[in-house]
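Undergrad: return atomic coordinates for the entry below.
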Amino acid sequence: MRLNYKIIFHFFGLLCLFNGGFILLSTLISLIYKDGVTLDLLSAGSIVLLLGGVAMYLTKEHKKELNKRDGYIVVAFGWIVMALTGTLPYLITGSIPSFTNAFFETMSGYTTTGATILNDIESIPKGVLFWRSMTHWIGGMGIIVLAIAILPLLGIGGMQLFAAEAPGPNADKLHPRITDTAKRLWLIYFGYTAAETILLQVAGMSFFDAINHSLSTLSTGGFSTKNASVAHWNGQPVIQYIIMAFMFLAGTNFILSYFAFKGRVQKVIRDEEFKLYFKFIALFTIIAALIIYFRADFSISSIDHPMTFGKAEASLRHGLFQVLAIITTTGFVTADYTLWTPFLVVFFFGLMFLGGSAGSTSGGVKVVRHMLMIKNGFLEFKRALHPNAILPVRYNKKSVSGDIVFNILGFFILYMLSFIIGALVFSMFQIDFESAIGLSASSLGNVGPALGNYGPVNNYAELPNLAKWWSAFLMLIGRLELFTVLILLTPFFWRNR
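TA: Numbering: from 1, shown residues only. Predicted structure coming up:
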């Protein structure tokens, strides 16, 4: 099975055209706000468009078939192509002159991690800040397409569970319904973004801040236009409540949003993953809010706001916000949660391994995987007592195949191994234990804020250059469900058979 290099590079060219078009959109923002980098952004966009056009022209004569090996390369290297070309706006405008830093920021954007090396975000030209937020939005939208259309083709990811609603592709070409589904989910994604932008503007944000935070929220990214992140609006709780609502939606399976808009609300309510996702958020919020109320020492800067009801409201709001921000891997912050007692530090660290729903834009392990692992664990007790009984794992009242259960168990083991190896490598750069495990969990789970020296009120600027490249690699494998990238490191993948 030889690689079809022409179709691979044809896809890369298409991705460059896609990227270049969005850079030109950032040029328009730069022109509107007269930030002085319009021509630089125009140059960056033109270069990327030219690269894409040349690549597509040179590979226009290609076979239409995309086999599994081609698919893995398109997905993994396509993300790298996007990140490499996405550095140009930073480099040409001089906003981030270092290539390592520019690549880190771009990879953090596309993988919707939200970790940044920028010390003074508010000094960056608006056109560049918009591009920075746009990398989140492109990455989030790309993940939906991967989850619905491409990952099932490769036989990986959590979306096999939704085969009845979005049937997987047969042979080597995508099923027409898959493409149709992806288009509808894009429309929902765009609609949510527009709705949040309007609501944030009505609540008191400027249009520029509103659209940037909407792009970051729906992609579960976390890039902000303010140095203090969403804590900048601690005196305006309504803004934070709006962001919380859309973080919750972004961490929910987008197929369920589609069902809800089609009037099939019962399908949403009965979905096991959605119910567990909601219960997790409710339970963890109660725990966090109670500890913040009784034990944490933090100033309530929003106490004089008419929507604020004192310490109880602030404790609930900050607790809910940080639980949502970490579970959905958005990574916005309203306060330094590492100061909220050692218990909450460990508590939030554990939430970095949870993740949102399958089919959402969030990173992490995903709720459905945890649920099926727990169900399978309890069934092992029954199997020990009744070794001859057939006891399948069930999801939404349907039996889950053994292949999917083994895939999930394999994924979790590989995820934890990647986390441990990730932390070990960070420690080789003389990074302390707390910071190393925080960096590894945050990068792999695409969360953003970590622990220790790289916590919620710090950034990644002081990270050694090689450590930044390692962090970017962890972001990539975490975003693309591990197998997609790690399989490329195996010798048998490259053998022609």
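Undergrad: pretty sure Y72 contacts W494?
TA: No: using C-beta atoms under 8 Å, Y72 is not in contact with W494; the gap is 10.9 Å. For the C-beta atoms, the positions are set from N, CA and C on the backbone; glycine is no exception.
Undergrad: mind saving the C-alpha coords of stretch 218-233 as PDB?
TA: Output in PDB follows, covering the C-alpha atoms of stretch 218-233 (Å, rounded to 0.1, in the frame of the first residue of the first chain):
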ATOM      1  CA  LEU A 218     -16.300  28.000  21.300                       C
ATOM      2  CA  SER A 219     -13.000  26.400  20.400                       C
ATOM      3  CA  THR A 220     -12.300  25.800  24.100                       C
ATOM      4  CA  GLY A 221      -9.000  27.600  23.500                       C
ATOM      5  CA  GLY A 222      -8.500  30.200  26.100                       C
ATOM      6  CA  PHE A 223      -6.500  33.000  24.400                       C
ATOM      7  CA  SER A 224      -7.700  36.400  25.700                       C
ATOM      8  CA  THR A 225      -7.100  40.000  24.600                       C
ATOM      9  CA  LYS A 226      -6.300  41.000  28.200                       C
ATOM     10  CA  ASN A 227      -3.300  40.200  30.400                       C
ATOM     11  CA  ALA A 228      -5.600  39.200  33.300                       C
ATOM     12  CA  SER A 229      -7.700  37.000  31.000                       C
ATOM     13  CA  VAL A 230     -11.400  36.900  32.000                       C
ATOM     14  CA  ALA A 231     -10.400  38.200  35.500                       C
ATOM     15  CA  HIS A 232     -10.300  41.600  33.800                       C
ATOM     16  CA  TRP A 233     -14.100  41.500  34.000                       C
END
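Undergrad: which of Y72 and W494 has more neighbours?
TA: Y72 (21 against 10; other C-beta atoms under 10 Å).
Undergrad: following the helix or strand where that one lies, which helix or strand shows up next?
TA: Y72 is part of helix 68-86 when elements are defined by DSSP states H and E. Where DSSP H and E defines the elements, the next helix or strand beyond helix 68-86 is helix 88-93.
Undergrad: now do that next one, average pLDDT.
TA: Helix 88-93 comes out with an average pLDDT of 96.
Undergrad: which strands and helices sit next to the helix or strand following it?
TA: Heading C-terminal from helix 88-93, the first helix or strand you meet, by DSSP H and E, is helix 99-110. In terms of contacts (3 or more C-beta pairs under 8 Å, 6 or more residues apart in numbering; DSSP states H and E), helix 99-110 is packed against helix 68-86, helix 88-93, helix 126-145, helix 465-479.
Undergrad: what residues of helix 99-110 count as buried?
TA: T100, N101, A102, F103, F104, E105, T106, M107, S108, G109, Y110 (16 or more other C-beta atoms under 10 Å).
Undergrad: need those residues in TSV with distance to H136 and pLDDT, can you?
TA: Putting the buried residues of helix 99-110 into TSV (distance: C-beta to C-beta, whole Å; pLDDT from 0 to 100) gives the following:
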residue	distance to H136	pLDDT
T100	20	96
N101	17	96
A102	16	97
F103	16	97
F104	14	97
E105	11	96
T106	11	96
M107	12	96
S108	9	96
G109	5	95
Y110	8	94
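Undergrad: for L42, which non-adjacent residue is closest in space?
TA: The shortest distance from L42 to any non-neighbouring residue, by C-beta to C-beta, 6 or more residues apart in numbering, is to T27 (4.9 Å).
Undergrad: test my guess that that neighbour contacts G127.
TA: Yes: using C-beta under 8 Å, T27 is in contact with G127, at 6.5 Å.
Undergrad: who's more crowded, the two?
TA: Between T27 and G127, G127 has the larger neighbour count (other C-beta under 10 Å), namely 29 against 24.
Undergrad: hang on, isn't that one packed against L41?
TA: Yes: if you go by C-beta under 8 Å, G127 and L41 touch, sitting 5.2 Å apart.
Undergrad: what about A312, neighbour count?
TA: As a burial measure, A312 scores 11 neighbours (other C-beta under 10 Å).
Undergrad: for K382, see how far away the residue in the chain sticking out farthest from the centre is.
TA: Ranked by distance from the centre of the chain (C-alpha atoms, centre = their mean), the top residue is N388, with 42.2 Å. When distance is defined by C-beta to C-beta, to the nearest Å, N388 is 12 Å away from K382.
Undergrad: again, but for I390
TA: 11 Å.
Undergrad: secondary structure element holding F347?
TA: With DSSP H and E as the criterion, F347 is inside helix 341-351.
Undergrad: in the one helix or strand E273 maps to, what counts as buried?
TA: Taking DSSP H and E as the criterion, E273 maps to helix 272-294. Neighbour-count burial for helix 272-294, counted by 16+ other C-beta under 10 Å, picks out 272-274, 276-277, 280-281, 284-285, 288-289, 291-292.
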